[in-house]
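> sequence plus predicted model, see below.
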Amino acid sequence: MPQLIVFDFGGTLDTHGRHWSHLLYEGWKRQLPQLTWDVFREAYVQAERTLQTQPDWDFLRTLQEKCLLEARFIDTGISRNKALRVAQWCYREAELCISLSRYLLERLRRRTPLVLVSNFYGNLSAVLSAFGLDGCFEHVIESARVGIRKPDPAIYAKVLKLYPRIPPEDILVVGDSEKNDMLPAVSLGMNARLVRNFDDLLALI
């Protein structure tokens with residue numbers, strides 16, 4: 001059993017291994033059946049680069065703003081209501097995943113300290129609070145707050161500084177990305193577990 005477990009958020013706790021681009025694309029296809037992956041993917045990337053959040057935005061507000069930006073990059077003629085319907089559908093999918101993740105985290109934190117390390121927009125505290133996850137983690141390290149993004153190992157090195165008495169080999173990093181989670185963690189001597197579905201998370205209990 002590890003002495004410390006470090007979780008990723010986006011793609012891990014909120015979608016259980018499903019990349020957000022694929023979830024959003026499915027949402028958009030429900031509104032725009034003719035939308036191609038190539039067109040959506042470009043809009044997704046541009047929206048990620050453009051999105052500017054406020055610290056108090058919850059997850060739904062963040063998704064709404066993201067989808068409104070994607071709509072603009074897909075086709076300026078897309079109605080606001082269609083974009084908001086995409087956001088609402090994706091939110092319901094994430095909400096279900098997070099409810100299951102909450103059960104898992106509450107079980108785990110009774111015996112193991114938990115830390116969250118995430119590439120996020122600066123409003124992760126508000127998101128965690130809205131989902132009732134804010135009490136699950138001893139520390140939250142958010143890229144927009146610390147100025148370091150995965151896959152830079154320096155963001156995981158902050159965990160080692162917070163817990164100098166725990167050897168890296170006794171720390172388990174749990175995430176959905178080989179590039180962003182597995183490789184930087186292993187480079188620092190930590191163990192890593194890839195999440196592809198909820199069963200991978202349940203195996204931690």
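Looks like it came in fine.
> ramachandran angles for the most far-flung residue of the chain relative to its centre?
Distance from the centre of the chain peaks at residue 77, with 29.8 Å (CA atoms, centre = their mean). Torsion angles at residue 77 (phi, psi; degrees, to the nearest 10) stand at phi -90, psi 0.
> so who does it touch?
Neighbour list for residue 77: empty [criterion: CB atoms under 8 Å, 6 or more residues apart in numbering]. Every C-beta, even on glycine, is put in place using the N, C-alpha and C of the backbone.
> again with the one 5 residues further on
Taking CB under 8 Å, 6+ apart as the contact definition, residue 82 lies against 31, 32, 71.
> go again with 7 Å.
Each residue near residue 82 by CB atoms under 7 Å, 6 or more residues apart in numbering is listed here: 31, 71.
> over to residue 130?
Per CB under 7 Å, 6+ apart, neighbours of residue 130: 58, 59.
> quick one: it from residue 123, how far?
10 Å (CB to CB, to the nearest Å).
> got it, and residue 77?
As for residue 77, its distance to residue 123 is 30 Å (criterion: CB to CB).
> likewise residue 164?
In terms of CB to CB, residue 164 sits 30 Å off from residue 123.
> which strand or helix spans residue 116?
Under the criterion of DSSP states H and E, residue 116 resides in strand 114-118.
> what about this protein, any weak spots by pLDDT?
For the chain, no stretch has pLDDT under 70.
> quick one, domains of it?
Per automatic domain parsing, the structural domains of the chain span 4-17+97-202, 20-95.
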